[in-house]
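> Predicted model, plus sequence, below.
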Amino acid sequence: AQRVTQPEKLLSVFKGAPVELKCNYSYSGSPELFWYVQYSRQRLQLLLRHISRESIKGFTADLNKGETSFHLKKPFAQEEDSAMYYCALSPPSVSGGYNKLIFGAGTRLAVHP
Amino acid sequence: DGGITQSPKYLFRKEGQNVTLSCEQNLNHDAMYWYRQDPGQGLRLIYYSQIVNDFQKGDIAEGYSVSREKKESFPLTVTSAQKNPTAFYLCASSSRGLNTEAFFGQGTRLTVV
């Protein structure tokens, strides 16, 4: 079964502290993985995708195929990072069509001053 | 202004009535999606469409119906058969290929009274 698990509903840290939002997935093949973010009163938007190996707003995510994890990390959290974060999996389509996204339940990150 | 637009933002419906949620995009995207967002459950896929006049059921399609008569439009009808329709509904679109970013609307909050 295709599934994304985010074990923490809420992660509360102080400004300047390191942050790690956990994401584990179950999929038999090689999916594509993403992190989406929803700031207060804003649309859900892409934060980063694993294939790009990019750092966005100081966040990085490493795909660990052995542990089937894709944790999101930032060394020093900022107050503006407070938001809802969703990990998502996109399975390859056998028909060659477009990929649907399977989301985790989300983790709310609260960064306190 | 390019993007994906959902209307209305808030919708109230009497129990037993069908209601249609609008989703329009001017991004020239082929694929469109409907998700339901409930607290603690993340986003769950209702229906998706890869091309005009074609659509597939997602994980929770029961009690919902869609149409894709135009590339720009993907309306969702919540029927009286949906047992728990009160929720936040998100529409998204994406372009061809792998690892493409999904763009989301601002959502419609449906309340059954």
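Looks like it came in fine.
> Now do the same contact list for residue 24.
Picked chain A for this. A:V4, A:T5, A:P7, A:E67, A:T68, A:S69, A:F70 (Cβ atoms under 8 Å, 6 or more residues apart in numbering or on different chains). C-beta: built from backbone N, CA, C; applies to glycine.
> could you do chain B instead?
By Cβ under 8 Å, 6+ apart, the neighbours of B:E24 are B:I4, B:T5, B:E72, B:S73.
> Also A:L33?
So A:L33 contacts A:C23, A:Y25, A:R49, A:H50, A:A61, A:L63, A:F70, A:C87, A:A88, A:L89, A:S90 (Cβ under 8 Å, 6+ apart).
> quick one: it from A:K22, how far?
Per Cβ to Cβ, to the nearest Å, A:L33 is found 13 Å from A:K22.
> Not counting sequence-adjacent ones, nearest residue to A:A83?
In this structure, A:A83 finds its nearest non-sequential neighbour in A:Y39, 4.6 Å apart by Cβ to Cβ, 6 or more residues apart in numbering or on different chains.
> Looks like that neighbour contacts A:D81 (just checking).
No: counting by Cβ atoms under 8 Å, A:Y39 does not reach A:D81; the two are 9.2 Å apart.
> So between these two, which is more surrounded?
A:D81 (20 against 13; other Cβ atoms under 10 Å in any protein chain shown).
> follow-up on the earlier one: show me which pair in the contacts of A:N24 is furthest apart.
Greatest spatial distance in the contacts of A:N24: A:V4 and A:E67, 14.0 Å, computed using Cβ to Cβ.
> For chain B, which segments count as strands?
For chain B, applying DSSP state E gives strands covering B:4-7, B:10-13, B:19-25, B:31-38, B:42-51, B:54-57, B:64-66, B:76-78, B:87-94, B:103-104, B:108-112.
> Could you export the ones you listed as a markdown table, including distance to A:F14?
Shown next, in a markdown table, are those (distance: least, Cβ to Cβ, whole Å):
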| stretch | distance to A:F14 |
| --- | --- |
| strand B:4-7 | 36 |
| strand B:10-13 | 36 |
| strand B:19-25 | 40 |
| strand B:31-38 | 29 |
| strand B:42-51 | 26 |
| strand B:54-57 | 45 |
| strand B:64-66 | 43 |
| strand B:76-78 | 41 |
| strand B:87-94 | 30 |
| strand B:103-104 | 30 |
| strand B:108-112 | 33 |
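> Which helix or which strand is home to the nearest residue to A:P31 once chain neighbours are set aside?
Spatial nearest neighbour of A:P31, chain neighbours left out: A:L89 (4.7 Å); criterion: Cβ to Cβ, 6+ apart. Here A:L89, judged by DSSP states H and E, is contained in strand A:83-90.
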